[in-house]
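Asks: Return atomic coordinates for the entry below.
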Amino acid sequence: MNDYPPTGALFTNDRKNKPTQPDYSGDLELSDDVVNDLVDQMSRGISKPKLELAGWKKVAKKTGKTFVSLKGNKFGERQAKSQSAPQANQPLDDSIPF
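Replies: Residues are numbered from 1 along each chain as shown. Purely as a prediction, here's the structure:
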């Protein structure tokens with residue numbers, strides 16, 4: 001059993017010979033929650049289900065090459081988290097309106 005969350009990576013396509021070939025290639029592992037959400041979207045009639053992607057530019061320790069580390073989340077998960085998170089460093093308006 002893996003002890004790390006599902007992730008992925010995009011690497012520069014060093015073998016690109018034609019403009020139609022991708023600039024980057026790689027793979028993305030998806031958690032059961034994300035896969036189930038995609039299936040749920042399709043069962044609700046969404047013909048092109050979506051997932052959230054986040055990427056971080058990193059440098060490979062062995063090769064020194066730059067790549068993009070990826071993480072996939074359920075669609076709307078980031079917005080839901082940011083909307084429900086309390087706003088830090090905002091003054092509390094405790095005035096009485098009457």
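Asks: quick one, helices of the protein?
Replies: 32-43, 77-84 (DSSP state H).
Asks: Any regions of the chain where pLDDT drops low?
Replies: For the chain, applying pLDDT under 70 flags the ranges 1-3, 77-98.
Asks: Check the spacing between the residue nearest the centre of it and residue 60 real quick.
Replies: Centroid-nearest residue in the chain: residue 53, 2.4 Å away (criterion: CA atoms, centre = their mean). Separation of residue 53 from residue 60 (CB to CB, to the nearest Å): 20 Å. For the C-beta atoms, the positions are set from N, CA and C on the backbone; glycine is no exception.
Asks: and what of residue 30?
Replies: Applying CB to CB to residue 30 and residue 60 gives a distance of 23 Å.
Asks: Which of these two has more residues huddled nearby?
Replies: residue 30 (18 against 11; other CB atoms under 10 Å).
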